[in-house]
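Asker: here's my sequence, what's the structure:
(2 chains)
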Amino acid sequence: MVLPNIPLSPAGSDEILRPVRPWFVIATLATAFVLNLMPTSGVALALKPDFLALVLLYWCIQEPRYVGVGIAWGIGLLMDVGDATLFGQHALAYAFLAYAAEYFRRRVLRFPLWQQAAQVAVLLGVCAALVLLVRHVGGATLPRWTYAVPPIVGALLWPVISVMLQWPQRPLRSRAGL
Amino acid sequence: MAHLQVDPPAFFRRGPSPLARFALFGLLSIALLFLDTRFRYLETVRQVAAVVILPLQYAIQLPQRGVAYLGDYLASQRALNDENATLTRQLVAQGPAVQGFREAQEENARLRALLELRARYRGAATSVEVLYAGHDPFAQKVFIDRGADAGIKPGEAVIDAQGVVGQVTRVYPSVAEVTVLTDKDHAVPVRVERTGVRSVLFGAGAGRPPTLRFMSPNADIRVGDTLVTSGIDGTYPPGLAVAQVLSIERETGQMFAQITAQPLAGVDRSQHLLVLEQAAALPPRPDEPAEADPAMKAGKGKRRAP
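Answerer: Residues are numbered from 1 along each chain as shown, chains lettered A, B, ... in the order given. Model (predicted):
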């Protein structure tokens, strides 16, 4: 009988990962989309990170052939419709996120998990800044300083998300091999 | 020393490079944004997509509403009794005012008929409940639980017990979006209740009090004055309380006074709202008067003899 191991850190260089299943990618993106649309208020609203951006960033870094700029753009359009905001603002931000992920992916993957989180914070911050720029040019007022908190919360969640989403790809451990 | 290689050598054909793809999709996004802000071409697309997304949003909300319902159900007996007693006291206290109101209304109708003024607005109202606030940190919007199926139309005024909350901006089949009056550049025509001075109240974004723009520095207005809707333009019915003047700054040399006002309604707190049906359409605006004297104009155009 083969047992899956519950990981607490991402796969080291000695583990060979199993291939990712497309339905898993779609399921995680759909869950992140649903979480994004969940209505919150008060402190939770100020702290809620952009789950879809975070999961999208993870898949763009890990599986650039499956999730690229085009798919990220389409997902951004879906998010725009769900959020009832300007059509195209999230699309632009997510397309940029996918491009940056593809450009920086090898660099990001070399670092340990918490330093990766710092770089992810910068990427998510630029994504949020793009949305802010688009709305400001369109005539909206600048938001309060709490606008900068969700990218940081998202980056803090990066290690958790990274390990959780990689879990199905971990090699199974046979009882004999323990 | 060779620099760090980021892209692998192109052994496999993978289509256009990421930068080219990003350039294409970036331009496409900007085009969509332009179309959406300037021309509103994408409203039908949004309506179609909303048919799919909004039921999903409603389903996501169900656990939260279930918990709230349970919380209400399990509220303590004593709290309910206290609330009951307070409300009964308030009801009794308002008794004389309510009884006198009907008489005052009839007298008002007679006087207005005498002066041949148009009948005041007395249309239908739909009571709604706030579902959730909009996600967007740049716009102040709330979503209410009635939509096209209850006869709500875009442009109708939304009020609560204390005053005007905003205006319905988008209507979906079973949900409607209301823009709150604190949204940036949302305009409400108001007049000062005490003096009758007319002006327009503009929203200024989240956390900032709305401002009265273009008021001359010598207008008769004081801190604490109540602003009510003036009914001009037919958007908001007249006489609804809107805000209370918070501060007035009159600086010599400035063309207009800087006046801020605090909205009276619980714009970010109210749960139960009322949507007022739009008043009967106003008569069309008369055309501008024709040019004054054609003969004079011909005289001006006479050429001088060379």
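Asker: pretty sure A:I161 contacts A:L54?
Answerer: Yes: using Cβ atoms under 8 Å, A:I161 is in contact with A:L54, at 5.8 Å. All C-beta spots, glycine's among them, are computed from the backbone N, C-alpha and C.
Asker: now the stretch of helix or strand B:L273 belongs to: buried residues?
Answerer: Using DSSP states H and E, B:L273 sits in strand B:272-276. Within strand B:272-276, the residues that qualify as buried are B:L273, B:V275, B:L276, counting by 16 or more other Cβ atoms under 10 Å in any protein chain shown.
Asker: out of the residues you listed, which touch chain A?
Answerer: Contacts with chain A are made by none of the buried residues of strand B:272-276, judged by Cβ under 8 Å from any Cβ of the partner chain.
Asker: can I get those in a markdown table with pLDDT?
Answerer: A markdown table is the format used below for the buried residues of strand B:272-276 (pLDDT from 0 to 100):
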| residue | pLDDT |
| --- | --- |
| B:L273 | 85 |
| B:V275 | 89 |
| B:L276 | 87 |
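Asker: which of these sits closest to A:L156?
Answerer: Closest approach to A:L156 among those (Cβ to Cβ): B:L273, at 37.4 Å.
Asker: B:I259: what's it in contact with?
Answerer: B:T211, B:L212, B:M215, B:I221, B:V245, B:S247, B:I248, B:E249 (Cβ atoms under 8 Å, 6 or more residues apart in numbering or on different chains).
Asker: which ones among those are found in strands?
Answerer: B:T211, B:L212, B:M215, B:V245, B:S247, B:I248, B:E249 (DSSP state E).
Asker: Provide a PyMOL selection command restricted to the buried entries of those.
Answerer: A single PyMOL command selects the buried members of those (16+ other Cβ under 10 Å):
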select buried, chain B and resi 211+212+215+245+248
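Asker: tell me the two of the ones in strands among the contacts of B:I259 that are most distant?
Answerer: Pairwise distances among these were taken by Cβ to Cβ; the largest, 12.7 Å, belongs to B:M215 and B:S247.
Asker: quick one, what contacts residue 57?
Answerer: Because you didn't say which chain, this covers chain A. Shown in contact with A:L57 (Cβ under 8 Å, 6+ apart): A:L97, A:A101, A:V120, A:L123, A:L124.
Asker: ah, no, chain B please
Answerer: Contacts for B:Q57 (Cβ under 8 Å, 6+ apart) come out as A:L37, A:P39, A:G82.
Asker: can you tell me the closest non-neighbouring residue to B:G231?
Answerer: Leaving aside its sequence neighbours, B:G231 sits nearest to B:P238 (Cβ to Cβ, 6 or more residues apart in numbering or on different chains; 2.7 Å).
Asker: same thing with B:L33?
Answerer: A:G88 (4.1 Å).
Asker: do B:K141 as well
Answerer: Leaving out its chain neighbours, the residue that sits closest to B:K141 by Cβ to Cβ, 6+ apart is B:G134, at 3.7 Å.
Asker: so the one you found makes contact with A:A84?
Answerer: Yes: counting by Cβ under 8 Å, B:G134 touches A:A84, with 6.8 Å between them.
Asker: now for those two: what residues contact both?
Answerer: Here B:G134 and A:A84 have B:K141, B:E177 as joint contacts, going by Cβ under 8 Å, 6+ apart.
Asker: my guess is B:Q271 meets B:L131, correct?
Answerer: No: B:Q271 lies out of contact with B:L131 (Cβ under 8 Å); the separation is 10.0 Å.
Asker: among these two, which residue is more densely surrounded?
Answerer: Ranked by neighbour count (other Cβ atoms under 10 Å in any protein chain shown), B:Q271 and B:L131 place B:L131 first, with 18 against 9.
Asker: tilt between the host helix or strand of that one and strand B:272-276?
Answerer: Using DSSP H and E, B:L131 sits in strand B:125-133. Angle of strand B:125-133 versus strand B:272-276, following axes from the mean of the first three to the mean of the last three Cα atoms, to 10 degrees, is 130 degrees.
Asker: tell me the strands beside strand B:125-133, with direction?
Answerer: For strand B:125-133, the paired strands and their directions (DSSP bridges) are strand B:141-144 (antiparallel), strand B:272-276 (antiparallel).
Asker: shaky segments in chain B?
Answerer: Scanning chain B for pLDDT under 70 picks out the ranges B:1-14, B:112-123, B:279-281, B:290-306.
Asker: flag every buried residue along the longest helix belonging to it.
Answerer: Longest helix in chain B, counting residues (DSSP state H): helix B:43-73. By neighbour count with 16+ other Cβ under 10 Å, helix B:43-73 contains the buried residues B:R46, B:A49, B:A50, B:I53, B:L54, B:Q57, B:I60, B:Q61.
Asker: which one among these gets closest to chain A?
Answerer: Using Cβ to the nearest Cβ, B:A49 comes nearest to chain A of those, at 4.1 Å.
Asker: quick one, what contacts the nearest residue to the closest one once chain neighbours are set aside?
Answerer: Residue nearest to B:A49 in three dimensions, not counting chain neighbours: A:V81, with 4.1 Å by Cβ to Cβ, 6+ apart. A:V81 is in contact with A:F87, B:V45, B:R46, B:A49, B:A50, B:I53, counting by Cβ under 8 Å, 6+ apart.
Asker: same question for B:A204.
Answerer: Counting by Cβ under 8 Å, 6+ apart, B:A204 touches A:T141, B:T182, B:K184, B:P210, B:T211.
Asker: quick one, phi/psi of the third one?
Answerer: B:K184 adopts backbone torsions of phi -60, psi 130, taken as degrees, to the nearest 10.
Asker: helix or strand for the nearest residue to it once chain neighbours are set aside, which one?
Answerer: Nearest residue to B:K184, sequence neighbours excluded (Cβ to Cβ, 6+ apart): B:G205, at 4.6 Å. Using DSSP H and E, B:G205 sits within no helix or strand.
Asker: residues touching B:G205, list them.
Answerer: Contacts of B:G205 (Cβ under 8 Å, 6+ apart): A:A140, A:T141, B:Q140, B:T182, B:D183, B:K184.
Asker: need the max-distance pair from these.
Answerer: The largest separation in these, counting by Cβ to Cβ, is between A:A140 and B:T182 at 12.9 Å.
Asker: do you know how far the nearest residue in space to B:D160 that is not next to it in sequence is from B:Q162?
Answerer: If the residues on either side of it in the chain are set aside, B:D160 comes closest to B:S270, at 4.2 Å by Cβ to Cβ, 6+ apart. Taking Cβ to Cβ, to the nearest Å as the measure, B:S270 falls 8 Å from B:Q162.
Asker: can you give me the helices for the chain?
Answerer: Since you didn't name a chain, this refers to chain A. A:22-37, A:43-47, A:51-62, A:69-83, A:89-110, A:113-137, A:149-166.
Asker: ah, no, chain B please
Answerer: Going by DSSP H, chain B shows helices at B:18-34, B:43-73, B:77-93, B:95-115, B:294-300.
Asker: distance between the second one and the chain's centre?
Answerer: Averaging C-alpha positions (Cα atoms, centre = their mean, to the nearest Å) puts helix B:43-73 22 Å from its chain's average.
Asker: that one versus helix B:18-34: what angle between them?
Answerer: Angle, helix B:43-73 to helix B:18-34, by the same axes, to 10 degrees: 80 degrees.
Asker: tell me what angle helix B:43-73 forms with helix A:69-83.
Answerer: Compare the direction of helix B:43-73 with that of helix A:69-83 by the same axes, to 10 degrees and you get 60 degrees.
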